[in-house]
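In: Structure of the sequence below:
(one chain, ligands or ions: 1)
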Amino acid sequence: MEKHKKYFVDSYPRYWKDAVLNKYGVGEYETAVLQLINSILERMAPDRRILEVAMGTGFPFAVNLAKRGHQVYGMDLSFELVKIGASSSRLYPFVGDGEMLGTRGGVFDITYCIRSSWYFKNLNGLIREMFTATKVGGYVILDIMNGRNWFIWLTIGNAYTCALRLLLVNLKRVLTKKPLTLLSCPTTPSDPSKCYALVSHYFSEVKMMYWDFRYDLSDGFREMSDSNINYPRLIYVCKKK
Ligand SMILES: C[S@@+](CC[C@H](N)C(=O)[O-])C[C@H]1O[C@@H](n2cnc3c(N)ncnc32)[C@H](O)[C@@H]1O
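Out: Just a heads-up that it's a prediction; the model follows:
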């Protein structure tokens with residue numbers, strides 16, 4: 001297994017299973033994502049089959065959709081995280097790699113990957129696999145961390161901040177008497193135009209929407225034109241025709 005993926009099996013679950021509940025919870029962003037997915041589901045027949053790629057524990061997205069009666073499959077690299085989701089009824093978690101889902105034909109009405117694309121080194125592989133897994137007439141939903149946003153570039157997207165992050169991780173390890181590491185969370189923001197080109201290669205209908213966590217966007221995501229391209233968080237809603 002590639003080194004950065006091993007990080008999600010060995011180290012990340014310890015952080016995420018607590019952070020997803022106590023740090024993130026169900027805030028405005030999570031509510032907006034659920035609203036968006038539900039608004040698409042409302043236009044479909046009931047009891048749809050849905051796949052969350054890189055689902056973590058399943059909270060809050062997969063768990064919520066399963067509660068609404070849909071058949072939800074959730075996959076992640078981490079067994080430790082997916083087994084937490086296994087206690088919810090109508091939620092079927094499994095361990096796997098989103099870059100190699102290996103589904104043969106489209107089986108899902110909606111395939112989504114939220115708060116995770118920046119951990120995939122092979123974004124094309126992720127999009128290709130999500131496309132293949134989805135039925136004709138179904139949707140793929142994917143959000144990205146916008147590498148063109150100045151705040152993201154400054155705090156995450158350049159070599160200096162990566163080095164600084166690693167330094168801070170190791171400082172914490174020294175203080176907590178843990179062995180030093182060369183791995184810190186491997187986060188790769190995306191270029192929105194490149195991502196648009198990737199999804200457009202597979203999908204003929206792509207809606208690009210934006211979210212700006214600096215402002216209160218209580219009505220959820222807004223559709224964007226190119227001029228808004230520096231919003232920190234973008235979401236692509238793609239229909240498979
Ligand atoms: C920030 S968590 C998000 C979990 C969930 N989507 C959510 O929003 O609550 C990122 C997840 O991506 C998973 N992940 C990273 N690379 C992956 C890959 N190649 N295949 C499957 N899961 C992956 C990690 O294990 C982690 O659980």
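
In: any idea which strand is longest in this protein?
Out: Scanning the chain for the longest strand, with DSSP state E as the assignment, gives strand 134-145.

In: Leu91: how many residues sit nearby?
Out: Leu91 is flanked by 24 other residues according to other C-beta atoms under 10 Å. The C-beta positions use only the backbone N, C-alpha and C, and glycine is treated the same way.

In: remind me, longest helix of this structure?
Out: Using DSSP state H to define each element, the chain has its longest helix at helix 159-175.

In: Can you give me the buried ones in it?
Out: Neighbour counts over helix 159-175 (16 or more other C-beta atoms under 10 Å) mark Leu166, Val169, Asn170 as buried.

In: And those residues, which is closest to the ligand?
Out: Proximity to the ligand was ranked across these by C-beta to the nearest ligand atom; first place goes to Val169, at 16.6 Å.

In: isn't there a helix covering Trp153?
Out: Yes - membership of Trp153 in a helix is supported by DSSP: H, G, I helix; E, B strand; the rest coil.

In: And it, how far from the ligand?
Out: 20 Å (C-beta to the nearest ligand atom, to the nearest Å).

In: Ile152 too?
Out: For Ile152, the distance to the ligand - C-beta to the nearest ligand atom - is 15 Å.

In: hang on, the earlier thing: what's downstream of the longest helix of the chain, the next helix or strand?
Out: Under the assignment DSSP states H and E, the closest C-terminal helix or strand after helix 159-175 is helix 192-202.

In: just checking, what packs against that following helix?
Out: On a contact count with 3 or more C-beta pairs under 8 Å, 6 or more residues apart in numbering; DSSP states H and E, helix 192-202 meets helix 123-133, strand 134-145, strand 205-211, strand 233-239.

In: who's in contact with it?
Out: 123-124, 127-128, 131, 140, 142, 144, 146-148, 206, 208, 229, 234, 236, 238, 240 (C-beta atoms under 8 Å, 6 or more residues apart in numbering).

In: Show me which parts of it are buried, residue by residue.
Out: Pro192, Cys195, Tyr196, Leu198, Val199, Tyr202.

In: do stretch 130-150 as well
Out: So, applying 16+ other C-beta under 10 Å, buried residues of stretch 130-150: 130-135, 138-149.

In: possible to save the buried residues of helix 159-175 as a markdown table with distance to the ligand and pLDDT?
Out: Below are those laid out as a markdown table (distance: C-beta to the nearest ligand atom, whole Å; pLDDT from 0 to 100):
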| residue | distance to the ligand | pLDDT |
| --- | --- | --- |
| Leu166 | 19 | 77 |
| Val169 | 17 | 80 |
| Asn170 | 22 | 83 |
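
In: circling back: do you know which of the helices and strands packed on helix 192-202 lies nearest the ligand?
Out: Of all those, helix 123-133 sits nearest to the ligand, with 7.4 Å by C-beta to the nearest ligand atom.
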